[in-house]
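Undergrad: Predicted structure and sequence below. I'll ask about it afterward.
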Amino acid sequence: MLTLLLAGWLAAAGTAAGMALDAPVALYPPPVSASPVPSAADPVLNGRLLVVETPADTGTVVLHRVNPEFSGPIDSVRVEADGTFRFELDQVPSAGSGEILFASHRREGVLYFGQPIAEETALDSVYTVRAFPTSVAPSGGVSLPVRVRNVFVEEGAGAWQVTDLLEVVNDSSVTWVVDPDTEGAAVWRYPLPPGATNASLVDGQGSRDQIRFEDEAMVVTASLQPGERLWVVQYDLPTLETTFYLPGFTGFVEFLVREPAPAMRVEGLTAAEPIELERGSQYLRWWGEDVTDRTVEVRLGEEPVEPRAWVAVGLSVFLVLAGSVFMLRRRSGDGKAVAGEGSIPPPPGGSSGTTPGAPPGEGWEPPPGTDRRGLLLAVARLDEALEAPGDPAREARLRGIRDRLLDRLESET
């Protein structure tokens, strides 16, 4: 059940962003045309390329088709001076056919996607591909607000196992990219607790080359387009008595420890009623809201007598909690995180999701429960990645992932 909740939540986030499973939630929803596009004898895709809200006067838009038998680009056009473009289609996907069309545009090295077209009614309005200007992040990374952070802790074999969920928002109108001329530069950096080991990314945007863990910090070098990004990180702590840092602004933070657990107090957060996220698994809870530059200290010993507050949790936050518990269950018996070949689903616009933005991380493989549309978009992103030159080992790894995804698609037919 938790697996389905996680898949459903991620798919909903991707759909809201107009992307695939891994896309971030877009801050700029695609505009709808004032009037329907007139029908023609042959189906036509009429679209517009925007840079934020301004029509692009130059650029190329590529049309892709993805189905179980074929995936790849099928046409490309230059945009007009007002940003408009037009594709004449030989056929249009029909509902339930398992086929989709979508358009992409590469600007300043970042790939942006329009929404997937799965049936002819999608041609009744102007199709939008939205790009953003890029800006080089300072070498230490940009400061981004964290909308939600959920920290799940449970006792493992010789260590405390932590699943740390971070939902980060790029609320600007630019895509942040790493400084290519500065060694060790980052787009975003976030501290882990002191003593954290075996850190790995198990879900979210970025490949092994784009997200690394060093000096007790998560370092992101992937491009970050406007919108939200969800990362799920797992690591081990030698002791539960530790410190969590909340740099910058955090909209909602929750610290949860699975019982049985020792008596403890969590300084910097408010105690709440325990919560049962799956049958037989109860978690102690502490929470905070709208906090800035806060340090949370976990201290073992008798918890001081204090009223426990009931926290109203919205549906989206609840599904995130459920998804994080599913991530906990993905750990192997030896207590180490079970991370896939790479990392995560790509977000819209260059990540692990689907977006008006970028492709998923190169090591991403959709989790079990991903629907056909999510699998098809993942294949399309891999096709795009394989067009770029690379070493033979990288190409073999990507083709292996692509073959596995095609096998999954075939098994569902």
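TA: Cool, got the structure. Numbering: from 1, shown residues only.

Undergrad: For residue 294, which non-adjacent residue is closest in space?
TA: residue 246 (4.4 Å; CB to CB, 6 or more residues apart in numbering). C-beta here means a position set from N, CA and C on the backbone, and glycine is covered the same way.

Undergrad: Within the sheet, what are the partner strands of the helix or strand hosting the one you found, with directions?
TA: Element membership of residue 246, judged by DSSP states H and E, is strand 243-258. Counting by DSSP bridges, the strands paired with strand 243-258 are strand 146-155 (parallel), strand 281-300 (antiparallel).

Undergrad: contacting residues around the first one?
TA: Applying CB atoms under 8 Å, 6 or more residues apart in numbering, the set of residues contacting strand 146-155 from outside is 160-169, 228, 237, 240, 244, 246, 248-258, 260-261, 283, 317, 320-321, 324-325, 327-328.

Undergrad: And the pLDDT for residue 350?
TA: For residue 350, the pLDDT comes out at 35.

Undergrad: quick one: contacts of the strand or helix carrying residue 63?
TA: Element membership for residue 63 (DSSP H and E) is strand 60-66. Strand 60-66 is contacted from outside by 45, 47, 49, 71-79, 85, 87, 99-106, 129, 376-377, 379-380, 383, using CB under 8 Å, 6+ apart.

Undergrad: most residues in a single helix of the protein, which one?
TA: helix 392-412 (DSSP state H).

Undergrad: what's the angle from it to strand 60-66?
TA: 50 degrees (axes from the mean of the first three to the mean of the last three CA atoms, to 10 degrees).

Undergrad: Which neighbouring elements make contact with helix 392-412?
TA: helix 372-387 (3 or more CB pairs under 8 Å, 6 or more residues apart in numbering; DSSP states H and E).

Undergrad: which residues of the stretch 201-350 of the chain fall in helices?
TA: Using DSSP state H, counting those that start in this stretch, the helices of the stretch 201-350 of the chain run over residues 315-329.

Undergrad: For the closest residue to residue 122 other than its chain neighbours, what are phi and psi?
TA: Distances taken as CB to CB, 6+ apart place residue 115 nearest to residue 122, at 7.7 Å, with adjacent residues excluded. With angles defined as degrees, to the nearest 10, residue 115 sits at phi -70, psi 150.

Undergrad: Touching, residue 115 and residue 127? I think so.
TA: Yes. Counting by CB atoms under 8 Å, residue 127 is a contact partner of residue 115 at 7.5 Å.

Undergrad: which residue packs closest to residue 259, ignoring adjacent ones?
TA: Residue 259 sits nearest to residue 282 (CB to CB, 6+ apart), 5.0 Å away.

Undergrad: Residue 190 too?
TA: The shortest distance from residue 190 to any non-neighbouring residue, by CB to CB, 6+ apart, is to residue 218 (4.7 Å).

Undergrad: count of residues packed around that neighbour?
TA: 23 (other CB atoms under 10 Å).

Undergrad: likewise residue 168?
TA: Residue 168 is flanked by 24 other residues according to other CB under 10 Å.

Undergrad: same thing with residue 240?
TA: 17.

Undergrad: Would you quantify the distance from the nearest residue in space to it that is not next to it in sequence to residue 272?
TA: Closest residue to residue 240 apart from its sequence neighbours, by CB to CB, 6+ apart: residue 160 at 5.2 Å. With distances taken as CB to CB, to the nearest Å, residue 160 is found 20 Å from residue 272.

Undergrad: And those two? Which one has more around it.
TA: residue 160 (22 against 18).

Undergrad: Show the pLDDT at that one.
TA: pLDDT at residue 160 comes out at 96.

Undergrad: Got phi/psi on it?
TA: phi -90, psi 130.

Undergrad: what's it in contact with, if anything?
TA: 153, 154, 236, 237, 238, 239, 240.

Undergrad: Quick one: the strands in the stretch 1-150 of the chain, in order.
TA: 44-51, 54-55, 60-66, 71-78, 84-88, 100-107, 110-113, 127-131, 134-136, 146-155 (DSSP state E, counting those that start in this stretch).

Undergrad: between those, which gets nearest to residue 211?
TA: strand 146-155 (15.9 Å; CB to CB).

Undergrad: I'd like the next helix or strand past the closest one.
TA: Downstream of strand 146-155 (by DSSP H and E), the next one is strand 160-170.

Undergrad: Following element in sequence after that following strand, please.
TA: Next along the chain after strand 160-170, taking DSSP H and E as the criterion, comes strand 175-177.

Undergrad: residue ranges with poor pLDDT in the stretch 51-200 of the chain?
TA: Along the stretch 51-200 of the chain, the model assigns pLDDT under 70 to no residue.

Undergrad: repeat that for 80
TA: 94-97 (pLDDT under 80).

Undergrad: Can you classify the closest residue to residue 213 other than its chain neighbours by secondary structure?
TA: Spatial nearest neighbour of residue 213, excluding adjacent residues (CB to CB, 6+ apart): residue 199 at 3.9 Å. Residue 199 carries the three-state label strand when classified by DSSP: H, G, I helix; E, B strand; the rest coil.

Undergrad: residues in contact with residue 199?
TA: 192, 213, 218, 233, 234, 235 are the contacts of residue 199 under CB under 8 Å, 6+ apart.

Undergrad: List the beta-bridge partners for the fifth one.
TA: By that I understand residue 234. Beta-bridge partners, per DSSP bridges, of residue 234: residue 163, residue 200.

Undergrad: Could you verify my assumption that it touches residue 163?
TA: Yes. Residue 234 is in contact with residue 163 according to CB under 8 Å; the separation is 5.3 Å.

Undergrad: Tell me how many other residues crowd the residue nearest to residue 379 when sequence neighbours are not counted.
TA: Using CB to CB, 6+ apart and skipping the chain neighbours, the partner closest in space to residue 379 is residue 71 (4.7 Å). Using other CB under 10 Å, the number of residues around residue 71 comes to 24.

Undergrad: Of all the strands of the stretch 1-150 of the chain, which one is nearest residue 186?
TA: Using CB to CB as the measure, strand 134-136 is the one of the strands of the stretch 1-150 of the chain that comes nearest residue 186, at 11.5 Å.

Undergrad: Quick check: neighbours of the closest one in the sheet, parallel or antiparallel?
TA: strand 175-177 (parallel).
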